[in-house]
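Colleague: Build me a model from this:
(2 chains)
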Amino acid sequence: DAKTTQPPSMDCAEGRAANLPCNHSTISGNEYVYWYRQIHSQGPQYIIHGLKNNETNEMASLIITEDRKSSTLILPHATLRDTAVYYCIVGASYDKVIFGPGTSLSVIP
Amino acid sequence: DAGVIQSPRHEVTEMGQEVTLRCKPISGHDYLFWYRQTMMRGLELLIYFNNNVPIDDSGMPEDRFSAKMPNASFSTLKIQPSEPRDSAVYFCASSRLVDEQFFGPGTRLTVL
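Modeller: Numbering: from 1, shown residues only, chains lettered A, B, ... in the order given. You can find the predicted model right below:
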């Protein structure tokens, strides 16, 4: 499985956009980029995933570089409820996904 | 839909006892996953099933751990005998494909 590298922690001001980076330089052509988050004491929650193109849903946007070696998850208007650990994962859709340590995002009032 | 259901939510037991964790996946989901989360090791995949068949159990720590999925709506994770180092939060997740996994609320296990 391709490995990902994320900063261990980040801060973001409430109401501002939160941009969470992820490096996955060894990603294979058939591997997707997935993002999950885990709010304290809860199970992880799926956010978004993509293969090559940028993706957007009601929760976030996913920007994948053209060479696919890195991506950014964007929360357009962060709220206090977005404080969580964010996991960037790569894997093929037919195979298991492996969670790394993630980025602990703190949204500051 | 009620989502993934896990029981019990909390379990406290003594070393050496058998522990059984239960999971009911979302109806129509073909994949079921068991994870364990600790502060030291983070979120670890233990085993996953596809159409009730175990596909990859390489994450199961040792023979004391076993998992079954007798039908599409039920799975168990059993630890026998339990040890203090098994204390963790155990999550069950299900998905239609191996992409958007839906996680249950977890079972917090404490082995004294």
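Colleague: Using CSV, write out every CA atom in stretch A:52-68.
Modeller: Taking Å, rounded to 0.1, in the frame of the first residue of the first chain, the C-alpha atoms of stretch A:52-68 are listed here in CSV:
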residue,chain,number,x,y,z
LYS,A,52,-7.5,12.1,-10.5
ASN,A,53,-10.0,15.0,-10.7
ASN,A,54,-10.8,17.4,-7.9
GLU,A,55,-13.9,16.5,-6.0
THR,A,56,-16.4,18.5,-3.9
ASN,A,57,-19.2,17.5,-1.7
GLU,A,58,-21.3,19.1,1.0
MET,A,59,-18.5,18.6,3.5
ALA,A,60,-15.3,19.5,1.7
SER,A,61,-13.2,19.8,-1.4
LEU,A,62,-10.4,17.6,-2.5
ILE,A,63,-7.6,19.0,-4.6
ILE,A,64,-5.3,16.4,-6.2
THR,A,65,-2.1,17.6,-8.0
GLU,A,66,-1.7,16.7,-11.6
ASP,A,67,1.1,14.2,-10.8
ARG,A,68,-1.1,12.8,-8.0
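Colleague: Other residues contacting the one helix or strand A:Leu62 maps to?
Modeller: Using DSSP states H and E, the element containing A:Leu62 is strand A:61-64. The contact list for strand A:61-64 (Cβ atoms under 8 Å, 6 or more residues apart in numbering or on different chains) reads A:33, A:35, A:48-56, A:70-74, A:76. Bear in mind the C-beta positions are built from the backbone N, C-alpha and C, glycine included.
Colleague: cutoff 7 Å now
Modeller: Residues outside strand A:61-64 that contact it (Cβ atoms under 7 Å, 6 or more residues apart in numbering or on different chains) are A:33, A:35, A:48, A:50, A:52, A:54-55, A:71-74.
Colleague: State the pair within those that is farthest apart.
Modeller: The distance between the two most remote of the contacts of strand A:61-64 (Cβ to Cβ) is 17.2 Å, for A:Lys52 and A:Ile74.
Colleague: Compare these two (neighbour count), which wins?
Modeller: Set A:Lys52 next to A:Ile74 and count neighbours by other Cβ atoms under 10 Å in any protein chain shown: A:Ile74 wins out with 16 against 12.
Colleague: so who does the nearest residue to B:Leu21 once chain neighbours are set aside touch?
Modeller: Nearest residue to B:Leu21, sequence neighbours excluded (Cβ to Cβ, 6 or more residues apart in numbering or on different chains): B:Leu77, at 4.5 Å. By Cβ under 7 Å, 6+ apart, B:Leu77 lies in contact with B:21, B:34, B:67, B:90.
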